[in-house]
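Engineer: Quick one: sequence and predicted model below, then my questions.
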Amino acid sequence: MNPTLKIITYMLAISIISGCSSTILESKPYKTYSIGSTVTASVGMPFIEAQTGTITKVKRWVGVLNSPDGWKVDDVYSSNFIKKELVYSGKSGSTIEIGYREYRSGLAAPAFFQSVKYDLNESKVIGFQNFQFKVNSADNSSISVVIIQD
């Protein structure tokens, strides 16, 4: 067999074999806060984000025709993945509004959107699900809270 043809055959075989494989780049759960920390967010932005389960970054060969370097990186969500967010929606008088969003397997779950209102004259300590936080300040542009428990 021609040596050049042999090299091309070997390279083709290696690219086919590596195309069947994938590489896990990263896999970790996360929270955007810690107990006792002060968190600030603008209206429309989450001030608490927590997830259970993991997002795994997987690198897989797709070929140089499908990607400049031949590789594609995808996020793969575990079957038990749930991400919860508390989003500040603003203040009217002494009442603040907070939205709750929940994502499962990386997608928003329509049944898991909720908006709740709290009167800060009643208490500055707010509990929602497992989260508990104390409101330091709130106006129509931002909120500042201390995370008490999750």
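Structural biologist: That came through fine. Numbering: from 1, shown residues only.
Engineer: okay, CA-based contacts and neighbour counts for the rest of this
Structural biologist: Fine.
Engineer: which residues touch the nearest residue to Ser34 once chain neighbours are set aside?
Structural biologist: Using CA to CA, 6 or more residues apart in numbering and skipping the chain neighbours, the partner closest in space to Ser34 is Ile147 (7.1 Å). For Ile147, the contacting residues are Tyr33, Ser34, Ile35, Gly36, Ser37, Thr38, Val39, Phe131, Gln132, Phe133, Lys134, by CA atoms under 8 Å, 6 or more residues apart in numbering.
Engineer: Quick check: neighbours of the helix or strand harbouring Ile147 in the sheet, parallel or antiparallel?
Structural biologist: Element membership of Ile147, judged by DSSP states H and E, is strand 142-149. According to DSSP bridges, strand 142-149 has the following sheet partners: strand 38-42 (antiparallel), strand 131-138 (antiparallel).
Engineer: name the element Tyr103 belongs to?
Structural biologist: Going by DSSP H and E, Tyr103 is in strand 95-104.
Engineer: Give the other helices and strands that that strand contacts.
Structural biologist: strand 82-92, strand 107-119 (3 or more CA pairs under 8 Å, 6 or more residues apart in numbering; DSSP states H and E).
Engineer: Pull the contacting residues for the nearest residue to Glu102 once chain neighbours are set aside.
Structural biologist: Using CA to CA, 6+ apart and skipping the chain neighbours, the partner closest in space to Glu102 is Lys84 (4.6 Å). By CA under 8 Å, 6+ apart, the residues touching Lys84 are Ile48, Glu49, Ala50, Gln51, Tyr100, Arg101, Glu102, Tyr103.
Engineer: re the thing from before, highest neighbour count among the contacts of Ile147?
Structural biologist: Within the contacts of Ile147, Phe133 tops the neighbour count with 23 neighbours, counted by other CA atoms under 10 Å.
Engineer: Please name the nearest non-neighbouring residue to that one.
Structural biologist: Nearest residue to Phe133 in three dimensions, chain neighbours excluded: Ile147, at 4.5 Å (CA to CA, 6+ apart).
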